[in-house]
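In: Sharing a model that was predicted from the sequence below.
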Amino acid sequence: MSATSTEPQAGRFPAGPRIPRSGRRRSITRVLVAGDLVCALLAYQVVLGARWWWGGYVPWFEVLFSAGLVLAWPVALSSVGAYRGRVQAGGLEEVRLVFNGGFGLAAAVAIGAYVTKLMIARSIVLAMLPLAILLTLVFRRCLRRWLSRRDPARQAPHGVVAVGHRTAVLDLVMQLRAQPRYGMRVVAACLPGGTLEQVPDVDGVPILGDFTAVADVVAVTSADAVAVLACPELDGTALRRLAWSLEVTDTDLFVAPSLMEVAGPRISVRPVAGMTLLHVDHPSFGGINQLVKNVFDRVMAATALIVLAIPMLAIFVAVRFTSEGPGLFRHTRVGRGGREFQVLKFRTMVDGADRPAGPGLEGPLVKHRDDPRVTRMGTFLRRYSLDELPQLVNVVRGEMSLVGPRPLVPAEFALYGADIHRRLVVRPGMTGLWQVSGRSDLSWEERMRMDLRYVENWSLTLDLQLLWKTWGAVARARGAY
């Protein structure tokens, strides 16, 4: 760590009023608590109203008990941390905590009724609490969207001070800007002392000090959190002292390990010989989970083929008669284990477009908005990803999966480094992580990073999440061309 302390240069920070960190958190918390109470009250009215409507008898005891559950709803959410500052920005963690609070309250009601021998209607546990969970998640999602539309500049309300080397800070800045749904933005950076005089900012983020000025920079910027990126200068002793200095202002501290693409379920903390070590499990690509994935993929693909048979036949006929050439396009791609197969698609380009392209039209997985080879019918099919429906046949054959990295052509494996071969340990998919995160608007490097992230953190839950998000990505047609 540098012995020189650089004072925070507040003048570099963009001018304008800044609400104190504690004030922002309290205001968001109050809105969330009030909204959660309303959601629980709506669930209460719907369930009891439905019972009255259908002529069921509802004793006053159950009316009062259900009203008590409405008041207990925000308490249950608070007990699992659903109002903590670091989850107020939303995301999957918020979804998990809302589910944990709902299931915890349902379990408490069920156990309490069993122990006390109280006769409580099953609709309270089986209908009211699940409905409260659903309404709460919808409310919180709508609130995030409304806040972002009302004030786009505060779409990412939580300020972060990034601490580390310039390259790591730049990577964090770009990732948080590209994914505003996490509600975080880098407002300042602290770099090693010897690099402060080179460039005054990192892609527009001001450099306000070195590693010894982090607490001062937090005070100047009213930041909500500090993100310490992997760097040798900040050892265990330095991190402990930094945590002490941030404890006074209740500022969250995040430490990013070098394993940037490994998700939480594979990482566990284990004390060994007085040291705190991170244990990283190997990803699982076999066993019962893989068997379930194979069965799920083939059953869902076969069902989709049956349901979509007539629409797919109509698309085939439309492609065949609106431009010269076959209705289906076959192309060699690389599958699991390096085995090649013929991927199927509805033809979206003029016949013969797969031959060497002209200047500006080549490149790995690159699609161009104004590619002259795309037909009018092909433009429509690409916009809503209808051209990829024949790949359901590849899924039924076992050559592809519903979710996975997109299949690449053999030549692309010869052009890029060895890391790209990691994608071959799983079957390629019809949709994946980068398909729901921007599609063709993403760079080649971003797509490969997301594909590798999927491979390293694959799970059945992740597959279901990506399948659900695919509907929204297709409807928005962002990056589809």
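Out: Yes, it's here. What you are looking at is a predicted structure, and each value in this text was computed from that prediction instead of being measured.

In: quick one: low-confidence parts of the stretch 301-450 of the chain?
Out: 352-371, 414-418, 438-442 (pLDDT under 70).

In: need the strands for the chain, in chain order.
Out: Secondary structure of the chain (DSSP state E): strands at 158-163, 184-190, 201-202, 205-209, 225-228, 252-255, 267-272, 275-280, 328-334, 340-346, 401-403, 429-431.

In: so can I have CSV of those showing distance to Ser79?
Out: Yep, even glycine has a C-beta here, placed from its N, CA and C like the rest. Formatted as CSV, the strands of the chain follow (distance: least, CB to CB, whole Å):
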stretch, distance to Ser79
strand 158-163, 23
strand 184-190, 25
strand 201-202, 39
strand 205-209, 37
strand 225-228, 23
strand 252-255, 20
strand 267-272, 23
strand 275-280, 27
strand 328-334, 50
strand 340-346, 50
strand 401-403, 34
strand 429-431, 37
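
In: For Arg298, find the nearest of those.
Out: Closest of the strands of the chain to Arg298 is strand 401-403, at 9.4 Å (criterion: CB to CB).

In: mind listing what that closest one pairs with, with the direction of each?
Out: If you go by DSSP bridges, strand 401-403 pairs up with strand 429-431 (parallel).

In: What is the burial count for Arg406?
Out: 19 (other CB atoms under 10 Å).

In: pretty sure it is touching Asp451, no?
Out: Yes. Arg406 lies in contact with Asp451 (CB atoms under 8 Å); the separation is 7.3 Å.

In: Name the residues contacting each of the two.
Out: 432, 434 (CB atoms under 8 Å, 6 or more residues apart in numbering).

In: For Ala113, report the pLDDT, please.
Out: On pLDDT, Ala113 comes in at 76.

In: could you measure it against Trp434, distance?
Out: If you measure Ala113 against Trp434 using CB to CB, to the nearest Å, the figure is 48 Å.

In: more crowded one of those two?
Out: Counted by other CB under 10 Å, Ala113 and Trp434 do not tie: Trp434 has more neighbours, with 24 against 16.

In: Could you pull up the contacting residues of that one?
Out: 406, 442, 446-447, 450-451.

In: right, and the pair among those with maximum separation?
Out: Largest separation among these by CB to CB: Arg406 and Glu446, giving 13.0 Å.

In: Name the residues of stretch 333-344 that come out as buried.
Out: Residues 333-336, 341, 343-344 are the ones in stretch 333-344 that count as buried (16 or more other CB atoms under 10 Å).

In: let me fix that: stretch 237-247
Out: In stretch 237-247, counting by 16+ other CB under 10 Å, buried: 238, 242, 246.

In: Just the pLDDT for the last one.
Out: Same thing as Leu246. 87.

In: Does it touch Val226 like I think?
Out: Yes. Using CB under 8 Å, Leu246 is in contact with Val226, at 6.1 Å.

In: Was I right to think Met300 contacts Leu402?
Out: Yes. Met300 is in contact with Leu402 according to CB under 8 Å; the separation is 6.2 Å.

In: Who has more neighbours out of these two?
Out: Using other CB under 10 Å, the more surrounded residue of Met300 and Leu402 is Leu402, with 23 against 15.

In: That one: what's it in contact with?
Out: Counting by CB under 8 Å, 6+ apart, the residues that Leu402 touches are 296-297, 300-301, 395, 429-431, 463, 467.

In: Mind doing that once more with 7 Å?
Out: Going by CB atoms under 7 Å, 6 or more residues apart in numbering, Leu402 touches 297, 300-301, 395, 429-431, 467.

In: Just the buried subset of those residues, please.
Out: Here, 16+ other CB under 10 Å leaves 297, 301, 395, 429-431, 467 buried among the contacts of Leu402.

In: Closest to Val169 out of those?
Out: Checking those one by one against Val169 (CB to CB), the nearest turns out to be Thr431, at 32.1 Å.

In: where does the stretch 1-150 of the chain dip in pLDDT?
Out: 1-26, 55-58, 85-92, 120-123, 147-150.

In: So which elements touch the lengthiest helix in the chain?
Out: Among all segments of the chain classified by DSSP state H, the helix with the greatest residue count is helix 21-53. With contacts taken as 3 or more CB pairs under 7 Å, 6 or more residues apart in numbering; DSSP states H and E, helix 21-53 sits against helix 60-79, helix 129-150.

In: which parts of it are buried?
Out: 21, 24-25, 28-29, 32-33, 35-36, 39-44, 47-48, 51.

In: Tell me how the protein divides into domains.
Out: Following automatic domain parsing, one finds the domains of the chain at 21-150, 156-256, 287-355+365-476.

In: tell me the most buried of these?
Out: Across the domains of the chain, averaging neighbours per residue (mean count of other CB atoms under 10 Å) puts domain 156-256 on top, at a mean of 18.

In: Present the helices and strands packed on helix 21-53 as JSON lines; the columns should include distance to Pro410.
Out: Shown next, in JSON lines, are the helices and strands packed on helix 21-53 (distance: least, CB to CB, whole Å):
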{"stretch": "helix 60-79", "distance to Pro410": "52"}
{"stretch": "helix 129-150", "distance to Pro410": "42"}
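
In: Quick check: the closest residue to Met312 other than its chain neighbours vs Leu308, distance?
Out: Of all residues not flanking Met312 in the chain, Leu389 sits nearest, at 5.6 Å (CB to CB, 6 or more residues apart in numbering). According to CB to CB, Leu389 stands 6 Å off from Leu308.

In: ditto for Pro390
Out: For Pro390 relative to Leu308 (CB to CB), the value is 10 Å.

In: how about the buried residues of stretch 237-247 in a markdown table, adding distance to Val217?
Out: Listed next are those as a markdown table, based on distance: CB to CB, whole Å:
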| residue | distance to Val217 |
| --- | --- |
| Ala238 | 15 |
| Leu242 | 12 |
| Leu246 | 11 |
